[in-house]
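K.L.:
fold the stuff below for me.
(chains A, B, C and D, ligands or ions: 8)
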Protein chains: 4
Amino acid sequence: MNILILGDVYGRPGRKIIKAKLPQLISEYQIDFTIINGENASGGNGLTTKNAKELLNSPIDAITMGNHVWQQKELLETIDHFDQIIRPLNYPEPCPGKGYHIFTHELKNKTTKKICVVNLSGQIFMPSLNCPFNTMLPIIDKLRMSSDLILIDFHAEATSEKIAFGYFMDGLASAVYGTHTHVQTADERILAGGTAYITDIGMTGPIDGVIGVDKQIIIENMLTKRPNRFVTATGAVQINGIILEVNDLDNKVSKITRLYKIYED
Amino acid sequence: MNILILGDVYGRPGRKIIKAKLPQLISEYQIDFTIINGENASGGNGLTTKNAKELLNSPIDAITMGNHVWQQKELLETIDHFDQIIRPLNYPEPCPGKGYHIFTHELKNKTTKKICVVNLSGQIFMPSLNCPFNTMLPIIDKLRMSSDLILIDFHAEATSEKIAFGYFMDGLASAVYGTHTHVQTADERILAGGTAYITDIGMTGPIDGVIGVDKQIIIENMLTKRPNRFVTATGAVQINGIILEVNDLDNKVSKITRLYKIYED
Amino acid sequence: MNILILGDVYGRPGRKIIKAKLPQLISEYQIDFTIINGENASGGNGLTTKNAKELLNSPIDAITMGNHVWQQKELLETIDHFDQIIRPLNYPEPCPGKGYHIFTHELKNKTTKKICVVNLSGQIFMPSLNCPFNTMLPIIDKLRMSSDLILIDFHAEATSEKIAFGYFMDGLASAVYGTHTHVQTADERILAGGTAYITDIGMTGPIDGVIGVDKQIIIENMLTKRPNRFVTATGAVQINGIILEVNDLDNKVSKITRLYKIYED
Amino acid sequence: MNILILGDVYGRPGRKIIKAKLPQLISEYQIDFTIINGENASGGNGLTTKNAKELLNSPIDAITMGNHVWQQKELLETIDHFDQIIRPLNYPEPCPGKGYHIFTHELKNKTTKKICVVNLSGQIFMPSLNCPFNTMLPIIDKLRMSSDLILIDFHAEATSEKIAFGYFMDGLASAVYGTHTHVQTADERILAGGTAYITDIGMTGPIDGVIGVDKQIIIENMLTKRPNRFVTATGAVQINGIILEVNDLDNKVSKITRLYKIYED
Ligand SMILES: [Fe+2]
Ligand SMILES: [Fe+2]
Ligand SMILES: [Fe+2]
Ligand SMILES: [Fe+2]
Ligand SMILES: [Fe+2]
Ligand SMILES: [Fe+2]
Ligand SMILES: [Fe+2]
Ligand SMILES: [Fe+2]
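P.N.:
Ligands and ions are numbered 1, 2, ... in the order given. Prediction:
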């Protein structure tokens, strides 16, 4: 089976390109299961209920989140209505929503796979959620026994924390992939224990901005150190992500390939 | 002309692979000018005088630095003896060393190019040096008038700051390339104004560590939150960097290509 | 002469207590010159033009600011109409407003004093403004020649940076007093060189909140790590500050006394 | 009964003044139980086994720690030999040592009190330990049932986090007192629910340094942004702390008084 995972969908340009291009990507790469990161889908800040529904009209199986998850307050109320939405597991309890979900997914050949999708937030240069390493340690065995595949969106800033988490899960998870920096890294590989790893899968949104935002606004911020209202960038749009090829017999990821598409305006 | 730029050389494994492989890379890619980042060359922490000399026995034209520049205290005394070493320009004055240098470089066809190499440190999640944007603004015109090419090593953590700086210099510098995260990004491109840009060129050193350090040490740190002495990782080594193709007539970068070599132990 | 300096005036409760009690404090302590910090005067976030005028209806001579200075955007337009408002000097130029002002102040005995009020922001755990030490170094002599007294509001988080700045200015400024943490410290003293120093003068606002904000909101934030809309605390109010006694002959501060008043609701 | 609590003992000057003056403070204020913070007792960095023993030769009942607790590595091995030493409770398990201890303490009148001493680390601008609020929540009732008094050293940087924790424990703990900033605050009070509170009790060590370190070294750091080896300051020494008066019948703190002694060299 083939799994498509797309990086942080940013604002209206991100949602629009998903709607326009996802079906043909799924067809082109013979995708069986699709995950996107949705923490920036609504104007760059979180995910409204309306935008969640809009995105789920496209063939998306799961939406992971990140540090922006609660910026649209309504999601606190509505997240539990969406099986597909997964927020960082390491929020302190009680917290609306869930940090992982095991999807029972039927393949084209009518067999089913249990696909566990996990979302975790890093701690370095990030809000002080529970330690992702110590959160994962006591549950990974249980998740392995209940699932055929475990896919972890590790939403974090520091490369050190992301790489360390990849090694930490090596041989235990099917894949650990980073999100949050909005820039795709070129270090995709299969680790020694068989886990697919990449530090960041990148962003799905306007290419000519600064991680989604109009570039002149950010340059002015940098020069003046005074706050500015963020506006989503316009122009050409990118789709960033990865494709995981999974061996249907042993459920191991045999190949991780980066996807970096640019669509002119 | 072709310019080779290599990411943060990490410890003994990094220095060793430079010594072993740089000549053949220069030959293979017909390189005219070579820059490395040397801030981690001595055990991961700064650059000793001895290691600087050792590196400069290889065909290296310039060494840029970063936040680790003064971790080997002796460099404070010796940096001014090395034309080739460039530390972040945005340290407050007075500070030993220099933040840019214009190299007069003779090409194979006997023409000379004035190549200005600049090193700057970001501010986000980094030590509080002077603002890199406001440091560059008043001098860029002067540098442009004195140089044929301007190559800027922007040593920073946050993708937003690096991308914004790239746009800020677009049309003014020949290339802005990031260092510091030790993970190569896949976003290399020529910006609208003609400046070559990449968020991070990656690291030259052990591939199976955590940005250079033994992975078990870092995983233990993450789990226990207790300090550990860092030890350089062993095993396979990577060379990360970029190659810039420059048009000899107008001195514009016509192509930016990532280099990601892995050498088994 | 006696100088009264009050810590960060927080929201409506802060403005109200200033209006109600400042005249009698000035009378009781025979105050000649009054400074307040106004960065939180408008709902905790910056200072509106209207609130600035309202405050200046009370007998206030100068208003210093801090990291919240630009949160009410209109102040960018109106700050230059107010001689009394001083924003951190170490914003990069160009920036509206000014970082110091020399007030020509007539005492009751008809002599005049030139009182220089400076505002600076720290860098540790704060926005990346220019270095306050390197900002002050080249101008302190000029300020000393133009003024009888120099009073510096050092708006910063880390005690180390504040104390170091106090020593840095010892013998050069009349007083260095900290603001920003909203908690008054008990370390007021005259340093060896004659400069009056205190790490933080505290806050003028609701005492039963968390640095101004309703306490239940902050406790919930701490427990859930989810964002909450801040609401100003209610109930009893404090006035925090210092009184500097200045020798009229040599303009030295002879005494620094903390003021910590509590007014029941 | 009277409880004496002293702020972070810094280096040799701190240890020396404890040895010289603690007995007479205990006698003068009729102290029944003494706690010190020891995280900086060995050259500013942690606590060696030797220095722990040396300190415990003075009449000290408990030593709490902080973010520097593991800087002297040997303490990882020896901490479990000291009933009196308490490290932050919110280190992830497993971790040597303990985060609280209930001391059975005999008063002069031969009655005994069960005194629970807790150490917790904040998260804001601090290492990413477990959330102190969520660490305390599930155990506070048990601690209350097993103890007559609960005294919490909340070792943290941000005033907001410290104040919020004070309110969080109001009516549940006997006292919440802050450490870590090395500057005593002037906001001591009994909160509405009966808990004694102060944001920081200050430092026991050299007064003419920067939170313990030679001031010229820190000023040079601030000006140059280059690292320097820290050296403990010399000269006059301060003892900072608080005295809690406890009602022997209901075990409530009836009074919290700051102690701020200066001893010339
Ligand atoms: Fe994002
Ligand atoms: Fe994010
Ligand atoms: Fe580096
Ligand atoms: Fe670096
Ligand atoms: Fe404030
Ligand atoms: Fe502030
Ligand atoms: Fe301390
Ligand atoms: Fe500390």
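
K.L.:
how about the helices in the stretch 1-150 of chain A?
P.N.:
Using DSSP state H, counting those that start in this stretch, the helices of the stretch 1-150 of chain A run over A:11-28, A:49-56, A:74-78, A:132-136, A:140-146.

K.L.:
of all the ones you listed, which one is nearest ligand 6?
P.N.:
helix A:74-78 (29.0 Å; C-beta to the ion). For every residue, glycine as well, the C-beta is placed using N, CA and C.

K.L.:
let's have the helices of the stretch 1-150 of chain A in JSON lines, adding distance to B:K73 and mean neighbour count.
P.N.:
Listed next are the helices of the stretch 1-150 of chain A as JSON lines, based on distance: least, C-beta to C-beta, whole Å; neighbours: other C-beta atoms under 10 Å in any protein chain shown:
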{"stretch": "helix A:11-28", "distance to B:K73": "48", "mean neighbour count": "18"}
{"stretch": "helix A:49-56", "distance to B:K73": "54", "mean neighbour count": "18"}
{"stretch": "helix A:74-78", "distance to B:K73": "51", "mean neighbour count": "17"}
{"stretch": "helix A:132-136", "distance to B:K73": "34", "mean neighbour count": "22"}
{"stretch": "helix A:140-146", "distance to B:K73": "44", "mean neighbour count": "12"}
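
K.L.:
can I get the ones you listed in a markdown table with mean pLDDT and distance to A:A164?
P.N.:
Output for the helices of the stretch 1-150 of chain A, formatted as a markdown table (pLDDT from 0 to 100; distance: least, C-beta to C-beta, whole Å):
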| stretch | mean pLDDT | distance to A:A164 |
| --- | --- | --- |
| helix A:11-28 | 98 | 29 |
| helix A:49-56 | 98 | 31 |
| helix A:74-78 | 98 | 30 |
| helix A:132-136 | 98 | 8 |
| helix A:140-146 | 98 | 15 |
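
K.L.:
want to throw these into TSV with distance to chain C?
P.N.:
Supplementary listing: those in TSV, determined by distance: least, C-beta to the nearest C-beta, whole Å:
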stretch	distance to chain C
helix A:11-28	19
helix A:49-56	17
helix A:74-78	7
helix A:132-136	13
helix A:140-146	23
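
K.L.:
tell me how many other residues crowd the residue in the stretch 51-200 of chain A positioned nearest to chain C.
P.N.:
When scored by C-beta to the nearest C-beta, the stretch 51-200 of chain A has A:W70 as its residue closest to chain C, at 4.8 Å. Close neighbours of A:W70, defined as other C-beta atoms under 10 Å in any protein chain shown, add up to 25.

K.L.:
could you check how far it is from chain B?
P.N.:
Distance of A:W70 to chain B, given as C-beta to the nearest C-beta, to the nearest Å: 21 Å.

K.L.:
contacts only, for A:V176.
P.N.:
By C-beta atoms under 8 Å, 6 or more residues apart in numbering or on different chains, A:V176 lies in contact with A:I152, A:F154, A:K162, A:F165, A:G166, A:M169, A:T195, A:A196, A:Y197.

K.L.:
what helix or strand does the last one sit in?
P.N.:
Using DSSP states H and E, A:Y197 falls within strand A:196-198.

K.L.:
so is that strand next to chain B?
P.N.:
No - using C-beta under 8 Å from any C-beta of the partner chain, strand A:196-198 stays clear of chain B, coming no nearer than 9.5 Å.

K.L.:
against which helices or strands is the following helix or strand past that strand packed?
P.N.:
Using DSSP H and E, the helix or strand that follows strand A:196-198 in sequence is strand A:203-206. Packed against strand A:203-206, as judged by 3 or more C-beta pairs under 8 Å, 6 or more residues apart in numbering or on different chains; DSSP states H and E, are the following elements: strand A:8-9, helix A:11-28, strand A:237-246.

K.L.:
one step back: the residue of the stretch 51-200 of chain A closest to chain C - nearest residue in space that isn't next to it in sequence?
P.N.:
C:R226 (4.8 Å; C-beta to C-beta, 6 or more residues apart in numbering or on different chains).

K.L.:
from the structure, what's the count of residues near that neighbour?
P.N.:
17.

K.L.:
which secondary structure state is assigned to it?
P.N.:
coil (DSSP: H, G, I helix; E, B strand; the rest coil).

K.L.:
ok, it - contacts?
P.N.:
Contacts of C:R226 (C-beta under 8 Å, 6+ apart): A:W70, A:L76, A:Y91, A:C95.

K.L.:
biggest separation within the residues you listed, which pair?
P.N.:
The distance between the two most remote of the contacts of C:R226 (C-beta to C-beta) is 11.2 Å, for A:L76 and A:Y91.

K.L.:
which among the contacts of C:R226 gets closest to ligand 6?
P.N.:
Once C-beta to the ion is applied, the member of the contacts of C:R226 that ends up nearest ligand 6 is A:W70, at 24.8 Å.

K.L.:
return the nearest residue of chain A with respect to ligand 5.
P.N.:
For chain A, the residue closest to ligand 5 is A:P227, as judged by C-beta to the ion, at 15.8 Å.

K.L.:
now that residue. Nearest residue, chain neighbours left out?
P.N.:
C:W70 (5.9 Å).

K.L.:
now do stretch A:248-262: everything it contacts.
P.N.:
By C-beta under 8 Å, 6+ apart, stretch A:248-262 touches A:1, A:4, A:6, A:21, A:25, A:29, A:107, A:109, A:111, A:113, A:148-149, A:174-175, A:184, A:186, A:188-190, A:194-198, A:201-202, A:207, A:236-247, B:186.

K.L.:
list the buried residues in it.
P.N.:
For stretch A:248-262, a neighbour-count test (16 or more other C-beta atoms under 10 Å in any protein chain shown) marks A:N251, A:V253, A:I256, A:R258, A:L259, A:Y260 as buried.

K.L.:
residue in the stretch 101-250 of chain A nearest to ligand 1?
P.N.:
A:H180 (5.2 Å).

K.L.:
for that residue, give me the backbone phi and psi.
P.N.:
phi 110, psi -40 (degrees, to the nearest 10).
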